[in-house]
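In: from the sequence below, what's the structure:
(one chain, ligands or ions: 1)
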Amino acid sequence: MALYFASSRGLLTDEKEGVAALFESTAADFGGLSEPATLPEISIISPPAVPQAMSTEMDQVKAVMDRQGSEEEEGSTERVRVYLRIRPLTEGEKERGGEQGCVCIQDDKTLLLQAPRDSLNAKTTERGVSQSVHKFTFTQISGPDTTQQEFFERTMKETVRDILLGENRLLYTYGVTNSGKTYTVQGTSQEVGLLPRALVSVFRKLQGRLYDSLDLKPVLCQDVRYLNGNEVQAEEMCRDSLLKEEEGMISQNSRLRGGVSVSCDSGIGGVSLASGITTQLEDSDNVCLDTDILSHSGEDGLEEGVRFSVWVSFFEIYNEFLYDLLEAPPTLQSKKRATLRLSDDRHGNPYVKDLTWVHVRSAEEAWKVLKIGRRNQSFASTHLNHTSSRSHSIFSLRLLHIYPEGERGQNTRISELSVCDLAGSERCKDQRSGERMKEANNINTSLHTLGRCITALRHNQGNRSRPPLVVPFRDSKLTRVLQGFFNGRGRSCMVVNINPCVSTYDETLQALKFSAIATQLVHGPSTKTRVAYIQSLLREHELRTNDSIWEEEGEHSQDEEGDVTMFDSEALLRAIEVLKGEVQRQRVEREVLEAGVRQQVCSEMMEVIARMENDFSETLESERALMEQRYEDKVNNLQKSLKRFYIQEIEERDEQIEQLAADLRQRGEEGSGMSGSPPSPEAPRRSRRQASSCFSSSSSLAEDLSRVRAELELCHSELLEKTQELRHYQSLLSLPAPSGTLTTTVDRKLEEGQRGLRQLRLDLQRLGRDLQSAERACCHSTNGEKLRLALASADSTITKQDQALRELQNSMLLVKMDLRKKIDVLSKLQAPPTPGSCVKRGCGGAEPDAEGDHPKKLPFLRSILKGRTPSRNAPPRTPNTPATPCARVLRSRQPSPPLTPAPHHKSRGCVF
Ligand SMILES: Nc1ncnc2c1ncn2[C@@H]1O[C@H](COP(=O)(O)OP(=O)(O)OP(=O)(O)O)[C@@H](O)[C@H]1O
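Out: Alright, predicted model coming up:
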């Protein structure tokens, strides 16, 4: 048995051609296309046209199997045919410079694409992402000059012959919007396209063979079965039970729909174009199809005695909804168009439920149906195409083959030709209206799904012994409708339309890449793709159970072609067992894998989290350091500016003080000047009086001031003396003390004395300030009250000074007393002189005096205390005793006179 599937020619490959790199499509090498010398008599899905001569059932089945085998053999090497048609540029496109030679036909099978400069592809090429020159191979390439007739001859002629012989065929056009798909399928009224030509061709071949019998009941029964895509054996179809069973479906499927009337002459269930349906046609549509468009087609090769009944349907897939194009659209705008449903028959094959099938007797009638459908089809004007198809439209023609009645009743079969005009792929962003954008989205999605299906099919065909990929037919309505043609119900043929204009270069390239994958597909029913897989499963099972059997069987296992039916039920059960085991094994494997992956992910996550934590803490640290630095700088700046500010302030203050002092001096000088020049007798009396009073008060104040100053100086000098005395005492006290306790007491006393002195100094400073303010007040001759207040405060300060001095004196007395005590203690300690100690202290041989003082220190201390320490016999000094000059000064500064108005105060002599 021949190989069922042709081996894949590999994936898309790049190759260098000259300087420029080439991108070669999947090889649509048609070398392998076998000449259909002996065309199969039975389609894979169509029930066999069993010759009546067949005597037994077994013979019939055998014949069917033989035919299937021969077809498989042929089909296994035949690839899907992909035709390319390049449309001519329009005048407008030429004017806009769309012709740059980016599409170049190398020969009738090879096309070269050279990326124009402005294209996206050229830009990605510059970045080294893709190639700038691409090479694609097709079954046949038709250039811009190709006429509709020529193209029909190349693509459809054989297809028409195939359906007449009972095959199912699909032709679909694929391409970017405005690339000429509708032109190719339908054409214009002057240049009709593939479909009208195919209709003419079919009816021309069926001339004199159309079925005119009134009794179509059994035929339609079978028809229904085929419509639903079932494969049934011929003998089954004629059983009464089945006929009864199907009757309900007949009426359902041939129901009247929008304007289509039941043909009077076709008996039950038939729908004809004879009346009613043509009312949908407008005058402009009522153009008759020129049946001479085709040249003589030659031999038809049809079997003798076979009659045909022809049925057509037309529907569209618009925004993922199915609409019957032969149903008149609702007249009321508010009413929605009725949608059709896709259903699966009991064998799981999809079919369009409630679709109108119209019985036609001529090409003209079929043409009219096409026109009606076209009127209902969704077209819109886009920026690229004024009459752009916004839906995928599918026109189907079914031929009911009715064989002459034999012993076992009528034998029939159905073949189908579906022509699908796909909507063009387009860039969604080019659409300006929301509705157009939605349409474009749906179109692109369904085309993408078609691409995925083709890719999956190709994968399954190329990897037969591996588990097949799921082909995503169910992902879009389009692929579900076409599913049968890719699954072995028939064969498909693709027409790729391209527009050579540079503006659509990138989209064209994508369309060609898609078609390149399609060229790798080979025809064949999908059920067979599993045969090799099932065999490999069985081999695996054998291998597990018995090695020897495997080897034995292995030799026979080269024959992998055939159908699932070639396996007996036991083998299939074994395969199921193996599959179950495989499922179980894969489940366990997956769980282990999942656990591993989870663990890995967890550890990676932990690592990532730890890294993040580290990074975060580092960032935090650096942030903190930065903040600290920043705030330190700020504090420093603040300190500096404060320092500057205060220095400035102090300087200003000093300047002010100096200024004030200068003013004071100046005023003092002025005052003394005034004393020398009394007011002139010419001045007014009042001012004279003021001036004189002012003059007298200021002079007395000046006197006071000078006196106070003198006292202060005296005080100062006395203080200096005291300080010197204190220093002297301190130096004396710093001599080594005989006993620690004594010295500490003296030290403390001294400290206290020093503190008192400091206090005294401070008081004196304050006194000086008071005096200054008194002087200032003195300058304001008119403000005597202030002066008096200042003097009063100066008096109180002086009193305080006096008190402080007294305290100091007391402290001094205490110190002296302490010293004396110390001397006593020392003398007592040194009383029984020991030779060692005396030598050390330097007092060896010296006699203590009568008072027991230290021989050396005593005269020293005495000298210190002489004149300072009051004699024990001396009378105690009263506070009023003028013991010091300061005290004298203080005494002279007795409390100020009461602050009463003193016009009669003679001593001050000033009027306030
Ligand atoms: N081979 C051709 N010769 C002359 N004119 C052509 C040819 N192919 C296409 N055209 C013209 O190009 C224009 C666009 O064609 P058409 O409407 O068939 O594109 P389309 O691919 O169906 O677009 P859409 O996907 O938007 O429906 C039409 O005006 C058509 O007449």
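In: which bits of the stretch 1-150 of the chain sit near the ligand?
Out: Taking Cβ under 6 Å from any ligand atom as the measure of proximity, the stretch 1-150 of the chain contacts the ligand at Arg87, Pro88. Backbone N, C-alpha and C define where each C-beta goes, glycine included.
In: ok, Glu713 to Glu669 distance?
Out: As judged by Cβ to Cβ, to the nearest Å, Glu713 and Glu669 stand 21 Å apart.
In: where does the stretch 551-700 of the chain have low pLDDT?
Out: 551-565, 671-699 (pLDDT under 70).
In: helices along the stretch 551-700 of the chain, start to end?
Out: For the stretch 551-700 of the chain, the helices identified by DSSP state H, counting those that start in this stretch occupy 569-676, 685-733, in order along the chain.
In: among these, which is the most enclosed?
Out: Among those, helix 685-733 has the highest mean neighbour count (mean count of other Cβ atoms under 10 Å), at a mean of 16.
In: what helix or strand is Arg413 on?
Out: Here Arg413, judged by DSSP states H and E, is contained in strand 409-421.
In: give me the next element, helix or strand, following that strand.
Out: Counting by DSSP H and E, the next helix or strand C-terminal to strand 409-421 is helix 434-462.
In: what mean pLDDT does that next one get?
Out: Per-residue pLDDT values across helix 434-462 average out to 85.
In: and the residue in the stretch 151-300 of the chain positioned nearest to the ligand, its phi and psi?
Out: Shortest the stretch 151-300 of the chain-to-the ligand distance, computed as Cβ to the nearest ligand atom: residue-wise this is Gly180, at 2.7 Å. Dihedral angles of Gly180 (phi, psi; degrees, to the nearest 10) stand at phi 100, psi 30.
In: what about it, how many neighbours?
Out: Burial measure for Gly180: 22 neighbouring residues, criterion other Cβ atoms under 10 Å.
In: tell me the contacts of the closest residue to it other than its chain neighbours?
Out: Nearest in space to Gly180, with sequence neighbours left out and distances taken as Cβ to Cβ, 6 or more residues apart in numbering, is Arg87 at 3.7 Å. By Cβ atoms under 8 Å, 6 or more residues apart in numbering, the residues touching Arg87 are Pro144, Ser179, Gly180, Tyr183, Asn497, Ile498, Asn499, Pro500.
In: still on that earlier bit, can the strand holding Arg413 be said to contact the ligand?
Out: No: contact check for strand 409-421 against the ligand, using Cβ under 6 Å from any ligand atom: none in range, with a minimum separation of 6.9 Å.
In: in that strand, which residues are buried?
Out: The neighbour-count check on strand 409-421 (16 or more other Cβ atoms under 10 Å) flags Gln410, Asn411, Thr412, Arg413, Ile414, Ser415, Glu416, Leu417, Ser418, Val419, Cys420, Asp421 as buried.
In: turn the residues you listed into JSON lines, including pLDDT and distance to Ala702.
Out: Output for the buried residues of strand 409-421, formatted as JSON lines (pLDDT from 0 to 100; distance: Cβ to Cβ, whole Å):
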{"residue": "Gln410", "pLDDT": "54", "distance to Ala702": "157"}
{"residue": "Asn411", "pLDDT": "69", "distance to Ala702": "156"}
{"residue": "Thr412", "pLDDT": "72", "distance to Ala702": "152"}
{"residue": "Arg413", "pLDDT": "76", "distance to Ala702": "149"}
{"residue": "Ile414", "pLDDT": "80", "distance to Ala702": "145"}
{"residue": "Ser415", "pLDDT": "85", "distance to Ala702": "145"}
{"residue": "Glu416", "pLDDT": "88", "distance to Ala702": "140"}
{"residue": "Leu417", "pLDDT": "92", "distance to Ala702": "140"}
{"residue": "Ser418", "pLDDT": "93", "distance to Ala702": "134"}
{"residue": "Val419", "pLDDT": "94", "distance to Ala702": "134"}
{"residue": "Cys420", "pLDDT": "94", "distance to Ala702": "129"}
{"residue": "Asp421", "pLDDT": "92", "distance to Ala702": "127"}
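In: how about a markdown table for those, with distance to Arg585 added?
Out: What follows is the buried residues of strand 409-421, written out as a markdown table (distance: Cβ to Cβ, whole Å):
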| residue | distance to Arg585 |
| --- | --- |
| Gln410 | 52 |
| Asn411 | 49 |
| Thr412 | 48 |
| Arg413 | 45 |
| Ile414 | 45 |
| Ser415 | 45 |
| Glu416 | 43 |
| Leu417 | 46 |
| Ser418 | 43 |
| Val419 | 47 |
| Cys420 | 42 |
| Asp421 | 48 |
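In: would you confirm that Gln149 contacts Arg197?
Out: Yes: counting by Cβ atoms under 8 Å, Gln149 sits close enough to Arg197 to count as a contact (7.3 Å).
In: more neighbours, the two?
Out: Taking neighbours as other Cβ under 10 Å, Gln149 and Arg197 compare with Arg197 leading, 23 against 14.
In: domains in the protein, by residue range?
Out: Taking automatic domain parsing as the reference, the chain has its domains at 13-524, 568-631, 701-892.
In: weakest of these by average pLDDT?
Out: Across the domains of the chain, the stretch with the lowest average pLDDT is domain 701-892; it has a mean of 65.
In: okay, now Thr445: neighbour count?
Out: Thr445 is flanked by 14 other residues according to other Cβ under 10 Å.
In: quick one, the strand ranked longest in the chain and strand 409-421 angle?
Out: In the chain, taking DSSP state E as the definition, the longest strand is strand 392-406. Inter-element angle recorded for strand 392-406 and strand 409-421: 160 degrees (by axes from the mean of the first three to the mean of the last three Cα atoms, to 10 degrees).
In: CA atoms of stretch 85-105 as PDB?
Out: Output in PDB follows, covering the C-alpha atoms of stretch 85-105 (Å, rounded to 0.1, in the frame of the first residue of the first chain):
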ATOM      1  CA  ARG A  85      -4.000  35.600  -8.900                       C
ATOM      2  CA  ILE A  86      -2.400  39.100  -9.200                       C
ATOM      3  CA  ARG A  87      -4.900  41.800 -10.000                       C
ATOM      4  CA  PRO A  88      -3.900  44.700 -12.300                       C
ATOM      5  CA  LEU A  89      -3.300  48.100 -10.700                       C
ATOM      6  CA  THR A  90      -6.100  50.600 -11.100                       C
ATOM      7  CA  GLU A  91      -5.400  54.000 -12.700                       C
ATOM      8  CA  GLY A  92      -5.700  55.700  -9.300                       C
ATOM      9  CA  GLU A  93      -3.200  53.400  -7.800                       C
ATOM     10  CA  LYS A  94      -0.800  53.900 -10.600                       C
ATOM     11  CA  GLU A  95      -1.100  57.700 -10.200                       C
ATOM     12  CA  ARG A  96      -0.300  57.400  -6.500                       C
ATOM     13  CA  GLY A  97       2.900  55.600  -7.400                       C
ATOM     14  CA  GLY A  98       1.700  52.200  -6.300                       C
ATOM     15  CA  GLU A  99       3.700  50.400  -8.900                       C
ATOM     16  CA  GLN A 100       7.200  49.900  -7.700                       C
ATOM     17  CA  GLY A 101       7.800  46.400  -8.900                       C
ATOM     18  CA  CYS A 102       7.700  44.900  -5.400                       C
ATOM     19  CA  VAL A 103       5.800  41.800  -6.800                       C
ATOM     20  CA  CYS A 104       7.700  39.900  -9.400                       C
ATOM     21  CA  ILE A 105       6.600  36.700 -11.200                       C
END
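In: fine by me, we can end here.
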